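dropping the sequence and predicted coords here.
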Amino acid sequence: MVVDTRRPTLELREPVLSDSTDREYITFAWSSEDEHLPEHPVSLFWAPRPAGPWHSIARDLPASGNHTVATKELPSRLYLRAEAVDQAGNREVVLWKEPIHIDRSVPVIRSLQVTPNP
């Protein structure tokens, strides 16, 4: 019999906003390792403040991967938390180091008239 008391490792990567002008999507990426991970050990959450309340982004995600979310489903400023749970119930929780800002503003280009100096 093996008694597992070790928490899984879990690492979040820098969230990536889509390249489109309206920043329509954001992608979260992570990796988790443990000898006793189930098939889908990771869950992602967001909150308006570091203390919560926490809202689910996605549950039952693979140990390593990424998940893309429409930014319209999220506030313009949020905190990110990821959890990995192994088969013994050992849990690792990681908070992203700073708030994530989603700038949905569309850039405006104004036409400038330039005339040569005689």
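Yep, that arrived.

specify the beta-bridge partners of the residue nearest in space to the middle of the chain.
For the chain, the residue nearest the mean C-alpha position is residue 28 (3.6 Å; CA atoms, centre = their mean). Assessed by DSSP bridges, residue 28 has beta-bridge partners residue 67.

what sits against it?
Contact partners of residue 28, counting by CB atoms under 8 Å, 6 or more residues apart in numbering, are 12, 13, 15, 44, 57, 66, 67, 68, 69, 80, 82. Any C-beta I mention is one placed from the backbone N, CA and C, and that applies to glycine too.

for the fifth one, which non-adjacent residue is spatially closest?
Yep, that's residue 57 we're talking about. residue 44 (4.0 Å; CB to CB, 6 or more residues apart in numbering).

roughly how far apart are that neighbour and residue 32?
12 Å (CB to CB, to the nearest Å).

looking at those two, which has the bigger crowd around it?
residue 32 (24 against 19; other CB atoms under 10 Å).

pretty sure residue 72 sits in a helix.
Yes. Counting by DSSP: H, G, I helix; E, B strand; the rest coil, one finds residue 72 located in a helix.

in contact with the closest residue to it other than its chain neighbours, which residues?
Here the nearest residue to residue 72 in space, its sequence neighbours aside, is residue 24; by CB to CB, 6+ apart that works out to 7.7 Å. By CB under 8 Å, 6+ apart, the contact set of residue 24 is 18, 70, 71, 72.

which pair of those spans the longest distance?
Maximum pairwise distance among these (CB to CB): 12.0 Å, between 18 and 72.

who has more neighbours out of the two?
residue 18 (14 against 11).

who's in contact with that one?
Residue 18 neighbours (CB under 8 Å, 6+ apart): 24, 25, 26, 27.

now with 10 Å, please.
Contact analysis of residue 18 by CB atoms under 10 Å, 6 or more residues apart in numbering lists 24, 25, 26, 27, 68, 70, 71.

now residue 67
With CB under 10 Å, 6+ apart, residue 67 has these contacts: 26, 27, 28, 29, 30, 42, 44, 57, 58, 61.

residue 90 and residue 28, how far apart?
Per CB to CB, residue 90 is found 22 Å from residue 28.
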